[in-house]
Structure formats: structure tokens, C-alpha cells
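Participant: turn this into a model:
(2 chains)
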Amino acid sequence: MTPAERTSAHDTSAKGTPRKAPPRKAPPLTLSTPTTLGSPADGSPAPPAAPRRRPAPAGARAGRLGPLPWIAPAVLLILAVVLWPVYEMVRTSFLRISTSGFVRGSAGLDKYRKLFGEADLGHVLLATVAWTVAVVGLTMLISLGLAQLFDQRFPGRRFARWALLVPWAASVLMTAIGFRWMLDRTAGVLNTAMTDLGLIDGPRDWLGDPATAWPWMVSVAVFVSLPFTTYTLLAGLQTVPAELYEAARVDGASRWQTYRRITLPLLRPAFLVGVVINLINVFNSFPVIWGMTRGGPSSDTATTTVFMYQLKSTDIGESAAMSVVNFALVVLMVLAFLKVSRWSREEGCVHRKAEEGVHAEHRRPTTTRRGACPGVARPARSAGQALAVAGAAWLLAALFLLPYLEMAVTALRPADELRDAGYLPRHFAWSAFVDVWRESTLGGNLKVTLLVAGGSTVLALLVALPAAYCTARTRYRGRRLFLLLVLVTQMFQPTSLLVGLYREFYRLDMLNSVWTLILCNAAFNLAFAVWILTAYISAIPVELEEAAMLDGLGRLGVLRRVVLPLAMPGVVTAVIFTFISAWNEFVMGLTLSTEPRSQPLTVGINSFIGNYTVEWNYLFAGSVVAIVPVVVLFALIERHVVSGLTAGSLK
Amino acid sequence: MDKRIPALLTVCALGALTLTSCGSGGGSSNGGTDADGKVTLKLVAADYGDKESNSSKAYWNGVATAFTAANPDIRVDVQVVNWNDIDQQVKTMIQSGNVPDVLQTGGYADKVADDLLYKAEDVLSPATRSNLIDSFAKAGQVKGVQYGIPFVSSARLLFYNKALLQQAGIAQPPTNWEELRKAAEQIKATAPGVTPYALPLGPEEAQGESMIWELGNGGGPTAEDGSYALNSQADIDTFRWLKANLVDPGLTYANPATTDRKTAFADFAAGKTAMLDGHPSLIRMAKDGKVDYGVAPIPGKAGPLTSTLGVADWMMAFKKNGHRDQIRKFLDFAYAKDNMLTFDETYNLLPVTRDTLTALTAGGNHKDLEPFFAVLPNAVFYPLGDTAWDVVSAELKKSIGSAVSGDPAKVLGDLQKKAQDAVANK
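Facilitator: Numbering: from 1, shown residues only, chains lettered A, B, ... in the order given. Okay, the predicted model is just below:
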């Protein structure tokens, strides 16, 4: 464990924590970004931090060059792939457009008037607020418990943690469709199970009635948000110094007191990151609701994002107006939260701590950390307690895996048993796994997805790294503007920008091109990569670079030989998140690739939802094929996911 | 890495330049005319298949290849889109100025409103035009002028599961609403777990199922004069009857407003639904599911419907690229008997041209489809020629299902208001 790895732990847990991204897979906010919204505490005014970040001779050279070469690629990518479509979206909201898509002229503010005149808008807005509060609240509460549980040592912990990651590896849309399938009134295995357990008299149509559909959708949204949030908190837990627990024990504090007085306050930064990112994601959440009820009946189960999508079929201009209002709401909500949580103060102090940590580390690299020394950290447990912990964790792990096992089982059902309500098919048919390759373009789709996920990961890193380096090391003019720009990409979801994206790439004659999807996925994932890398690089002592420069290395040399290796955990984390997010991307792939063979896997699988039938067995066979590579990837790097977040606190 | 950053910069810079230089319209300005003077027609078509092996892509590629062999100066670029996505895709194309030359999909009239389409007479030879079955050609008219060219059709009949009806002691399929209700009650009593009558009023096809029921009560989406009458007394009474006699007593799905036709079809093909209104696609599904089914005229309030709901999918030609002559050649080729026959037989769809109908009927090897052929000439259609229909239809799909759970008069009244707004805006 290198000193840099250790120290950046503070940073990561606090700042660059990834997330499960339900609607759009772009990565999370970091603590440093909200400061761009006008708070003064961008690290610079925090007295102890400022001198550390002084550009030093290196900065002087960068100053002469200007920040432009470093941040220009990122800025251009954002301008081209995010801001231009945003402009198109705003413009569309002032246009009269026929249902066939033909632009008839200016509409002035008519579309906004029409939108605010919609009888449904009131209850949709209310539902959106209730939905956001419920999902984020439950996610945070449950994640606190899960993090505590999975932080214990128990046999099979690695496997249990891996299981927790599986919902993250699957695309949210597929998970939502999987739950819809399990809740099917005719063949739903959850209906069968609840009937057998005596909870209900017979199968029910849960998703058909808003009163029962909402709780289920909230559960699924929580389910898919848990992995990211729990891992964020796990990372936070592992930065709590063991000495504090020891001291508390010596003082005779009870477990609960220890948790409330020590764990919770120290968990605050990680907790806040979780809340903000979940707020944005859940508010914008599209696939969960779309996959389960499509907002119906009527708009009774729609949030503003789903309502926007519904409006598309009757009035494109009004739908664009809804997108604009939606964006304004996200901004207001995030600002309000940051204000209430007094984030900026928090951020300043986290920064300071992180940097103090860096330097303390160099002088005295022996601080005991909980992760490193669990025996000291926790009060001894009785055998019974240990068993209970393991039992609970295993049960939960099974719970996280079950929906995907059911998908696999469905894929193994012969076609004529698909409407059967039993847990297992009477005959197992492997044919779906064979046919799915023969009867679709899946092979080609898989190749496209591999290229897109790989390519956009590489591109996002190539663009983010110089920008992050420059942003971490120099206080160039427009730095806040740049960070604001990055934050904006986080708040937009591709769903509302599709028309703009399509227009753009049509004009460039780049539809059906892998490059298009690479550019788009890289752009929408750039925010996370920039933030986490900025956080990591800020924590690397400037002295190391100065030394390297004295030895004659140029800027790029320093970046490659010194900064990159030290920021490796951050790079790994950025790679994982970008890759998974691009792997599961759906709406852009659907819009920008119209040729079956040039579509990514998620879109290819979706084509099994046909005009008259849904080929559930093929659909889920395809989904399993799509999940497996990511799950295997996770199994291989589970440790790095945590260590990416906690930077080396695990061995 | 050092080399790639400048390359990337160039890409982004080029992108930004292109973006700022384009105002509106735009698109490839050559309009599909290639350097060698050959014309490439852009065809966008819906996919009627459900897997790679029966994708419509193969069909259209075959037609395109044969056509280019016969007309070496015209190439056809085929793009086949999943039914779920085609509306959205086409909208996006039109909004971006990337308009196809020929489009085959579900509706045409909204494109007429903006004068985007050629008249049928411009792009079909007289022979091809007169080969279209009258009722369909007429359904392709907007204000007396034909724009929509029917491509395939289907019609609805009552499908029933013979075994389930027999088990319930029902000798004959129901012919009116009251008989249907009684049959459903008996089925409910004798076959637990089976949905007696499937009423899919979910967003997928609500406009169809609701219109079928309204027709049974002498109603429908429009009044005699063709204006919208979504909340006519006959229609309100229809939904009151459905609510009181099928939905509330549990003789159909608990939440028809969220149940899609796909679900109903799948249930029927699995023997889990006893009766439903279906179209010929269900024949193969029922056979695959080994369900012994029968078809009968759709019950109306007092007796079976004399004219059932017919549905057609449409071909249309866009003016934007100015390829009228090439399109005419292509459509004449595509509408030749053999091509149409192949398509109809591949997907069990009903024909829209006289010679194909004759060939299918005469062959005697389409016994399954004969009841459907019989009702085809008398079929009634959605108000397809109304340019606001697409908006109205979208509103119906979204909300009309709520009429069997809430207050029918209110739900239909709200829809009527929306329809009137759409007419005012069209």
C-alpha cells in the first residue's frame, strides 16, 4: 500500500464516489463540485489547503501555456455532445411541431402555457416529489444498515459483497423488466411465492393499480440504488480511524452511542455524496418506471421525466418544455439540498483533512486504520452474534441475486411453459441460449457494446485526465466555469436530449457508427471521471512533481510517470464506472443506431419485445448474456471497487 | 496517448464547426442522388417479424435487390425498424430533415397535414392503383384525395378457447353482450385461474379494443359527420356496461387500463384466457400453444357486429427528395402480386390488393384466414383520414382504459376536449 493510495482514501470516500446510476449511467458528483455553484470554499480559501495546492514551478509553466490545451478536449466534448443538444431542447420548447415531427414555426410560450394547463401536471409533480423523497430516504437508511453489516467480518464476505454489486452490473431497464415479469399476474413468481406464503389469496396485478404499483416501483428503485450507495458508505466507514473506536470503548460507550457519536458524524461526507447523487438520479429516473408501468394507467404512475416521455407522442414541443422545467427542478432541488446541508463548509473541511492526511502520511505512515486492524476496531463478538451477522448477510446476498436467477430460469423455460406460474420449469430448455444467437443480431450487438464500452472508457479517461490534472494543480481563470460545465453534464439525462443528439449526428453523417456512441458515452460519463481524478490528483503532494521536473521531466512526462501511477486507484474507479455505464446504456444506442447490427446489446435485447409478443425466454437469455461479462469483471475486481473507493484500506 | 489527444481535438473541433454552421433543414444536400447519377431511394419499414429469421429486413432486402436488378439506376437503401420504436424514429427523422423517400408504417394522415407526402396517383401507376381494394383505398384518403397507400390489413374477430367453453357447458360462442357476460360467468366458475374475457385497454391497442366495443353499441370515435364524438351517449353507455358487467364482477383483468394486447394474446395462447378479440397473428400463436380455438363474429350489444374493425398499415411517399418517378417505379414493383403474396403469407396478414386476395382465397390453403377474408370488404376503419387522428389516437391509448375504473363520462369527456384541441391545432 503506497502512501498515496492510503491518503487518497479520504478523498475518494468523500468525493469521488461512484454510484448506481438508474436513469443515466453517468457518474457521481463529488464534494468539490458543488462549490462551483457559488460557494467560496473551493479549497482555495481554506487556509491550510491553499499553500499545498500552490502551482509551484510546474504551475508557472502551465500558466504560460494556459489551461486551454489541458481542458479543451473535455470542454469540446461537452459542448458538442451535451450542450448543443441542450440548446436544441430549449429551442424545441418554443416551436410548434406536428406529431409527425414537422416543424411548423414558432410557438412562443404556448407550449409552456399548455404544459402548465395540463390537468395531470399537478399530481405528476407531487408524485415526483414523493417518489424522490421515498426512494432516496429508504436507500440511504437501508444502505447505512447494509454498510454496517457488510463491514463486519464473516465467512464468505467477499461473495456476499459481490452479490450486492450484481444489480449494479445489470442494466436498470432490464432489472425493471425482470421485476415486471416476476410480478406478472399470470406467471409471476413473486405472486406464486406470496400466495404460497399466505400473504395474498391469489395472484394480483400489482403493477396495474397505482396504489400497489408505486410501492413496488419504489422498492425496485431502492434495490438498484443500494449497491452504489452501500459501497459509498462502506468506503466512508473504512476511513474512520480505529483509535476513535478504541477510545470510545475505553470510555465505556455503548454500541449505539459509538455509532451515533463517532460513526455517523464521520460518515457524513460519504453520506452527503450518496444523497446528492441519488437525488439527481432518482428525480430523473426513467427506466424503472418505464420498464414497469410506462407511467400508466394514464399518467397515474408517472414522474415528470416519464410524463415528458409520454408527452412526446402528442406534442413534441410540450415535451421539450417539460424537459426544461424538469431541469430547472433538478437544479433547484440540488441547490436547496446543498444549502440545507451546508455542504460547502463540509467540503472545505474534508479537503483540509484529506490534505493534512496526505502530509501526515508521508511523515508517519503508521496510523492504524480500522480496515487494517479489525480486531482492535470492533468489540469482540459472541459466536451467536457472528452467526447472526453471517446469516443476515448471506440472506441479503441471496435477495440481491434472486431477480437475476429468475431471469436465468425464465430463459431456460421452454416457450410453452412461459405462462406457467411454477417456480421452476418442468423441462429445462437450453435452446433459448442457443437460439438467441442464431435468431438475433446478438453477436454483432455484443461486439458493438464491447467496442463502445471500451472505446468510451478510454476516451473519457484520455479527455478527463489532462483536464483533471490542470484543474487540480492550477487555479486558471474560468476554472469554476469549467467545473460548472462538468456539473451540468451530470444533471442532464440523455433521454431529454435525444432529438438534439440525433439531429447532430445525422448532420455529421455519423448515425449507426460506433464512434458516435463512443463520443456520447464518453461525454455523459466525463463528469465522474473528471471529479474523481481531480480529487486524487489534488491529494498527490506537489513536491513529488517538483522533484520529477527538476530531474528534467516535462509536463506530460510528469503526468505519465508520476501522477498517473499515484492516481491509479482513481483511474481504476473511473474505468469501472464508465465501462459499466456505457455497457448498460440504452436510449442513446436506440436513437443513434437504427441498423440492428450496429446497435448495442441492450437495444438488441429489447427487440425481443415484439409487436404481438414478448419473447421472454429470449429476452432474459440475452440479458443473462449481457450481465455475465460485467459480473465476472466485478468478481475479479470486487476488491478494487472498494479499494478504488477507499484507496487501499483493504489488503 | 500523445498522438491521440490532438486527433481527438480535431474531431471535436470539426464537430463544433459543423454544428455551428448548420442552421436548419440541412442534411445531405445531394438528396440521395449519387455521383454516378444513380438514385438511392431510402426506404424505412416496420418490422413485422419477431426474430432474426423472419425479420422484414430479409423481405425488403430481397425486394430491393430484385428491383435494382431490373432498374440498375435506382438503388434502395432499406432500413427496418422495430414496431415499438418506429413512430419515434420517424418523428426524429422528420424533425431532423432526414426524411425517407418511402415509409411503411402504421399511419399516414399526420404527414399529410404538413404537405409532406405525394398523392397516391403521383407515385402509383393506374394499374397498381386500381388493384387496391376499394375500402382500403378509400381509407387512405384525406378530404377526398388519396395519400395513404394501404400495404397490409387485418380484421378483428372473436377468438375463443373451445375446450374452456365446453368445460363451462357453453355450446355456442356468445353473439351479444349479455351472452358474453353469462359465458364469462360460467367460465369463471368452472375454470379458476382463467381470465374469462381479456379486455386489453392498455396503451398498446386501447384505441382498437375500445372502438370494437363502441361499434357494438352503435357508437364509435366519430359522429356521422366525421367529427369526434368520443363522449357520445352510446360510447359512455358502452364503458358503463363494461365496467358494471365485466370489470367489477372480475370477469376480465383486474386493471384493463394497464393490460396490453400482448399479455392478452400470450394468455390466450397459453390457455389462460377463454375469449378475446383477436386478429390473424393470434392464429399461429394459438397453434404454437396447442390451443384449440374457434373464431366467431364479435358480439355487439344486441347481436353480432355486421362490420368489424379493419386495420391497415400504410405505405407513403415523401416529396422532400423529389424522387417521384423512381418511387413510382419502386412501388409498382413492390405491389406486384408475388411480392404482396409473399409478405402476407409470411406474417399471416390480410391482403389489400385484389389480385392477392383472389390468389389467397382461391388457393384454398388458407382455411384459417377465410373468416377474416369474408369480413374484410365490410370492415370499418379508424378515422385515419383525419390529420388530427394520430394525436387523438395517442390520447386514447394513454387514457381511455381509465374509463372502466373511473367515471366513464368524465374520462371520455376529457378525451373529447383533447380531441377538439387537437382538431383546432392541426
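Participant: quick one, helices of the stretch 351-500 of chain A?
Facilitator: Ranges of helices within the stretch 351-500 of chain A are A:374-377, A:383-411, A:431-438, A:442-473, A:479-491, A:498-507, based on DSSP state H, counting those that start in this stretch.
Participant: I'd like a version of those helices in CSV, one that adds mean pLDDT, distance to chain B and mean neighbour count as further columns.
Facilitator: Just so you know, the C-beta spots here come from the backbone N, C-alpha and C atoms, and that holds for glycine as well. Below are those laid out as CSV (pLDDT from 0 to 100; distance: least, C-beta to the nearest C-beta, whole Å; neighbours: other C-beta atoms under 10 Å in any protein chain shown):
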stretch, mean pLDDT, distance to chain B, mean neighbour count
helix A:374-377, 40, 40, 14
helix A:383-411, 89, 13, 17
helix A:431-438, 81, 7, 18
helix A:442-473, 91, 6, 23
helix A:479-491, 82, 14, 20
helix A:498-507, 81, 4, 24
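Participant: so which of those helices is nearest B:Leu164?
Facilitator: helix A:383-411 (25.6 Å; C-beta to C-beta).
Participant: next, format the helices of the stretch 351-500 of chain A as TSV and append distance to A:Ala72.
Facilitator: Output for the helices of the stretch 351-500 of chain A, formatted as TSV (distance: least, C-beta to C-beta, whole Å):
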stretch	distance to A:Ala72
helix A:374-377	47
helix A:383-411	42
helix A:431-438	43
helix A:442-473	9
helix A:479-491	10
helix A:498-507	19
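Participant: name the secondary structure element that contains the closest residue to A:Ala270 other than its chain neighbours.
Facilitator: Counting by C-beta to C-beta, 6 or more residues apart in numbering or on different chains, A:Gly236 is the residue found nearest to A:Ala270 once chain neighbours are left out, at 2.8 Å. Assigned by DSSP states H and E, A:Gly236 falls within helix A:210-237.
Participant: quick check: angle from that helix to helix A:383-411?
Facilitator: Counting by axes from the mean of the first three to the mean of the last three C-alpha atoms, to 10 degrees, helix A:210-237 lies at 130 degrees to helix A:383-411.
Participant: what helices or strands is whatever helix or strand comes next after helix A:210-237 leaning on?
Facilitator: Toward the C-terminus, helix A:210-237 is succeeded by helix A:242-250 as the next helix or strand (DSSP H and E). Under the contact definition 3 or more C-beta pairs under 8 Å, 6 or more residues apart in numbering or on different chains; DSSP states H and E, helix A:242-250 sits against helix A:255-258, helix A:374-377.
Participant: follow-up on the earlier one: for the helices of the stretch 351-500 of chain A, which one sits closest to A:Pro203?
Facilitator: Comparing those under C-beta to C-beta, the one sitting nearest is helix A:383-411, at 15.6 Å.
Participant: would you map the strands across the chain?
Facilitator: Defaulting to chain A. A:95-97, A:103-106 (DSSP state E).
Participant: um, chain B though
Facilitator: B:39-47, B:74-82, B:102-105, B:141-142, B:145-146, B:149-155, B:157-161, B:195-197, B:273-278, B:293-296, B:310-317.
Participant: list the buried residues in the last one.
Facilitator: Of the residues in strand B:310-317, those buried by neighbour count under the rule 16 or more other C-beta atoms under 10 Å in any protein chain shown are B:Gly310, B:Val311, B:Ala312, B:Asp313, B:Trp314, B:Met315, B:Met316, B:Ala317.
Participant: isn't the last one right up against B:Leu116?
Facilitator: No. Under the contact definition of C-beta atoms under 8 Å, B:Ala317 does not touch B:Leu116, with a separation of 9.6 Å.
Participant: deepest of the strands of chain B, which one?
Facilitator: strand B:273-278 (a mean of 27; mean count of other C-beta atoms under 10 Å in any protein chain shown).
Participant: doesn't A:Phe271 make contact with A:Ser341?
Facilitator: No. The pair A:Ser341 / A:Phe271 is not scored as a contact, 9.4 Å apart, by C-beta under 8 Å.
Participant: please say which of these two ends up with more neighbours.
Facilitator: Shown here are A:Ser341 and A:Phe271; by other C-beta atoms under 10 Å in any protein chain shown, A:Phe271 has more neighbours (21 against 16).
Participant: okay, the more buried one: pLDDT?
Facilitator: pLDDT, the model's per-residue confidence, is 86 for A:Phe271.
Participant: same check, this time on B:Arg4
Facilitator: On the pLDDT scale, B:Arg4 is placed at 43.
Participant: for B:Glu214, same thing?
Facilitator: Reading off the model, B:Glu214 has pLDDT 95.
Participant: for A:Gly156, the count of nearby residues, please.
Facilitator: 13.
Participant: surely it meets A:Trp394?
Facilitator: Yes. Counting by C-beta under 8 Å, A:Gly156 touches A:Trp394, with 6.7 Å between them.
Participant: show me what from the stretch 201-350 of chain B comes close to chain A.
Facilitator: Counting by C-beta under 8 Å from any C-beta of the partner chain, the positions of the stretch 201-350 of chain B adjacent to chain A are B:202-203, B:253-255, B:257-259, B:261-263, B:265-267, B:269-270, B:272, B:281-282, B:285, B:288-290.
Participant: for A:Val189, which non-adjacent residue is spatially closest?
Facilitator: A:Val189 sits nearest to A:Met182 (C-beta to C-beta, 6+ apart), 5.2 Å away.
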